[in-house]
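Chemist: Could you work out the structure for the sequence below:
(one chain, ligands or ions: 2)
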Amino acid sequence: MVINKISDSLCSLQRSSLCSVNTSKGFEDHKGDYFENPQQGFWFTLTIADVDADGKPDIIAGNLGTNSLVHASDKEPAELYYADFDGNGSVDPFFNYYIQGASYPFVSRDELNEQIYPMRKRFTSYKNYSNATMKDIFSAVDLSKAKKLTVSEQNTVCFMNRNGEFVKSALPMKAQISVVTKILASDLIRMEKSTCCSWVIIQTAG
Ligand SMILES: [Ca+2]
Ligand SMILES: [Ca+2]
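Modeler: Ligands and ions are numbered 1, 2, ... in the order given. Have a look, this model is predicted:
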């Protein structure tokens, strides 16, 4: 199926789903119809524009950018484990990302101890927490029971529509300096003569 009308679809901000289709049964996840691989990013905003003026709508997706302590890639994804680890009735989320080949929790020792009180006995000093990974904090059984979200793309990107399949390419470095929360796509130079999008303006969180 070739997408000619993006308005038939809903582009989602869910981390692992970028395209849901409004069907008679409700919205269904159809990303597999349009994307070669799951596109797992920190998606903050999506804009539809015919970037190459071929008559087919393309997708510009705002993301975290690369100027961040957090790094995510296919080989070293950022992960969010969440479960009620201490059984007190509230969900405990733990975000992790890779540093020099090992994935460490984002939270500080103080934040961990505040979230899960019994951890005070396990990590009695900042030093013994400094190199702790998720496997040091939680048992394999606890982690296997937890749910997990994964991010492997942090660039703000453009998905070019190639006969109904969207092919990803990262925007230039200037678009990666911070979180992209808003995107304006328009041909600001030749607006009356062409529908081609020659400019993409982004608004960053900073
Ligand atoms: Ca296009
Ligand atoms: Ca809890």
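
Chemist: Just the element for residue 93, please.
Modeler: strand 92-99 (DSSP states H and E).

Chemist: Show the average pLDDT along that strand.
Modeler: Mean pLDDT, computed over strand 92-99, is 91.

Chemist: And residue 25, how far from ligand 2?
Modeler: 35 Å (CB to the ion, to the nearest Å). Bear in mind the C-beta positions are built from the backbone N, C-alpha and C, glycine included.

Chemist: cool, residue 112 as well?
Modeler: 12 Å.

Chemist: now residue 38
Modeler: From residue 38 across to ligand 2, the span is 28 Å (CB to the ion).

Chemist: what does residue 161 give?
Modeler: Residue 161 sits 44 Å away from ligand 2, going by CB to the ion.

Chemist: Not counting its neighbours along the chain, what's nearest that residue?
Modeler: In space, and not counting its chain neighbours, residue 161 is closest to residue 56: 4.0 Å by CB to CB, 6 or more residues apart in numbering.

Chemist: Can you get me a residue count around that neighbour?
Modeler: Applying other CB atoms under 10 Å, we find 18 residues neighbouring residue 56.

Chemist: And for residue 29?
Modeler: The number of residues packed near residue 29 is 14, by other CB under 10 Å.

Chemist: same deal with residue 64?
Modeler: Residue 64, neighbours per other CB under 10 Å, totals 24.

Chemist: I'd guessed it sits against residue 70; true?
Modeler: Yes: Residue 64 sits in contact with residue 70 when judged by CB atoms under 8 Å, with a separation of 6.7 Å.

Chemist: intersection of neighbour lists for the two?
Modeler: The overlap between the contact sets of residue 64 and residue 70 (CB atoms under 8 Å, 6 or more residues apart in numbering) consists of residue 154.

Chemist: picking up where we left off before, who does the strand holding residue 93 touch, helix- and strand-wise?
Modeler: On a contact count with 3 or more CB pairs under 8 Å, 6 or more residues apart in numbering; DSSP states H and E, strand 92-99 meets strand 78-83, strand 102-105, helix 134-137.

Chemist: Lovely, talk soon.
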